[in-house]
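Peer 1: Just a sequence and a predicted model for now, questions to come.
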Amino acid sequence: MSVPTDDGFYMPAEWEPHKRCWMAWPCRTELWGEGLDAARTAYTEIAKAIAAFEPVTMVANGEEIAEVSLRSGAGSGVACLPLAHDDSWIRDNGPTFLIDGKGGVAGVDWGFNAWGDKFDNYENDAAVAGAILEHLKMPAYRAPLVLEGGSIHVDGEGTLLTTEQCLLNANRNPKLSRKQIEQHLRAHLGIRQIIWLGQGLEDDDTDGHVDNVACFVRPGVVLALSTEDEDDGNYTALQDNLARLRAAKDAAGRSLEVIEIPQPARRTGEDGRRLALSYINFYIANGGVVMPSFEDAKDEGAFAIVAKCFPDREVRQLPMLDVVCGGGGIHCITQQQPAVES
C-alpha cells in the first residue's frame with residue numbers, strides 16, 4: 001500500500017471535530033499493583049467526563065467488559081469493544097487517525113515496542129491499532145517506524161512538535177537516522193515542518209513524550225510547560241524547549257506565540273522516582289477540555305490558563321494522581337477519532 005500522503009491523507013489537529021474518543025481499560029497488574037482499582041475508578045471518571053462532550057469507546061479484555069459497563073453506568077455514553085490488550089495507554093499503541101479533507105478517514109498503524117522494551121509482554125498492545133482499524137473497516141497504513149502517539153503533536157496545518165529524547169532514542173529505531181525518521185513523519189502524517197524540542201520531563205518512563213511539555217492550542221500558538229526554579233531537575237530542559245519554540249517557524253512561516261504554564265510541585269512515586277506531572281497532558285473534546293489536577297497549589301492557576309487558551313470550550317479538571325502513578329496522564333490514555341463530512 002502507498003503511504004498516506006500519496007492518497008491525500010494528513011493528520012488533523014486535535015481540536016477539529018471528533019466522532020469518538022478511544023480509551024483502553026487498565027489491566028497490567030505488574031504496573032498498577034494495589035493501585036489498579038483506583039486507576040480503574042479514575043479512568044471511569046475520565047471516560048464519563050469526555051462522554052459529556054462526545055461518545056467514548058473503551059477497549060477491554062472480554063472478561064472485563066461487564067465491569068466497565070457497570071462502573072460507567074447506563075446512559076453514560078461509554079461503549080465497550082472487546083479486544084485483547086495488555087494495558088491502557090491507547091494514545092501510544094492505538095492508531096493515529098488521518099483525514100483527506102474529502103470525507104475520507106484512515107489510520108496509521110505504527111510499530112510498538114512498549115516504550116523501548118520496558119515491558120516483556122506487549123504483543124496484544126502491538127496489535128491493537130490494526131485491530132481497531134479493521135473493526136472500523138478503515139484504510140490502514142502500516143508504518144516502518146516505532147512511534148507512540150504521545151511523542152508527537154500537530155497543528156493540522158503541516159507542523160509537528162516532538163522531542164529528540166524520544167524519537168531519536170536508540171531503543172525505538174536504532175537503524176534509522178534523524179533524516180529518515182523525518183521522512184517517515186512527512187510521508188505518513190502530511191507534515192512539512194518539524195520542530196524538534198530537546199528533552200522531556202525528569203524520570204518520564206516514556207523517554208520524553210512531547211505531550212507532557214508542549215502542545216498546539218491553535219495554529220501558531222503553543223502551550224509549554226515551564227518552571228522558574230533553577231534548582232529543579234526539569235529547569236534546564238524546559239528552558240531549552242522554550243528557547244527552541246521561540247526561535248522556531250511553523251509550516252506557514254509564522255513565529256510561534258508561546259504561552260507558559262507552570263509545572264506542579266515535585267512528587268515522587270513509591271519507587272522514589274519523580275512523577276511526570278503536567279497540566280498540558282489533557283484531552284481536547286468536542287466543545288470541551290478535560291485536564292488534570294494534582295492536589296497542588298498551581299491547580300487553580302493552571303485551570304485559568306487552559307480556559308483562556310480555549311475560550312469556546314468548557315474546561316473540566318479531574319484528579320489525576322491515581323493515573324500518573326502508572327506513568328501517564330489524560331492525553332496518554334485517550335485517542336480522538338476525527339469526524340468528517342463527505
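Peer 2: Perfect, thanks for sending it.

Peer 1: When you work out contacts or count neighbours from here on, use the C-alpha atoms and nothing else.
Peer 2: Noted.

Peer 1: can you map out the helices along the stretch 101-250 of the chain?
Peer 2: Assigned by DSSP state H, counting those that start in this stretch, the helices in the stretch 101-250 of the chain fall at 114-117, 123-135, 164-167, 178-189, 235-247.

Peer 1: okay, now Val290: neighbour count?
Peer 2: Val290 is flanked by 23 other residues according to other Cα atoms under 10 Å.

Peer 1: which of the helices of the stretch 101-250 of the chain sits most buried?
Peer 2: When those are scored by mean count of other Cα atoms under 10 Å, the highest mean neighbour count falls to helix 164-167 (a mean of 22).

Peer 1: for the record, mean pLDDT for it?
Peer 2: Helix 164-167 shows an average pLDDT of 98 in the prediction.

Peer 1: Out of the helices of the stretch 101-250 of the chain, flag the one nearest Asp322.
Peer 2: helix 114-117 (20.6 Å; Cα to Cα).

Peer 1: which helices and strands sit right next to the closest one?
Peer 2: Packing contacts for helix 114-117, counted by 3 or more Cα pairs under 8 Å, 6 or more residues apart in numbering; DSSP states H and E, involve no helix or strand.

Peer 1: returning to what we had before: nearest to Leu36, out of the helices of the stretch 101-250 of the chain?
Peer 2: helix 123-135 (18.1 Å).

Peer 1: Any regions of the chain where pLDDT drops low?
Peer 2: Along the chain, segments meeting pLDDT under 70 span 1, 342.

Peer 1: Output the helices of the stretch 101-250 of the chain in TSV, with distance to Trp196 appended to each entry.
Peer 2: Shown next, in TSV, are the helices of the stretch 101-250 of the chain (distance: least, Cα to Cα, whole Å):
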stretch	distance to Trp196
helix 114-117	19
helix 123-135	26
helix 164-167	6
helix 178-189	10
helix 235-247	8
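
Peer 1: Out of those helices, the one nearest Asp6 is which?
Peer 2: Nearest of these (Cα to Cα): helix 178-189, 7.9 Å.

Peer 1: residues in contact with Ala339?
Peer 2: Neighbouring residues of Ala339 by Cα atoms under 8 Å, 6 or more residues apart in numbering: 17-20.

Peer 1: Just the buried ones among the residues you listed, please.
Peer 2: 17-18, 20 (16 or more other Cα atoms under 10 Å).

Peer 1: For Gly156, give me phi and psi.
Peer 2: Main-chain dihedrals, Gly156, degrees, to the nearest 10: phi 80, psi 0.

Peer 1: Tell me how many other residues surround it.
Peer 2: Gly156 has 20 nearby residues by other Cα under 10 Å.

Peer 1: Looks like it contacts Ala13 (just checking).
Peer 2: Yes: in this structure Gly156 lies within contact range of Ala13 using Cα atoms under 8 Å: 4.1 Å.

Peer 1: returning to what we had before: from the contacts of Ala339, which ones fall inside strands?
Peer 2: 18-20 (DSSP state E).

Peer 1: any idea which helix or strand comes after the longest helix seen in the chain?
Peer 2: Across the chain, the longest stretch assigned as helix under DSSP state H is helix 36-51. Moving toward the C-terminus from helix 36-51, the next helix or strand (DSSP states H and E) is strand 56-60.

Peer 1: strands paired with that following strand, and their directions?
Peer 2: strand 18-24 (parallel), strand 78-82 (parallel) (DSSP bridges).
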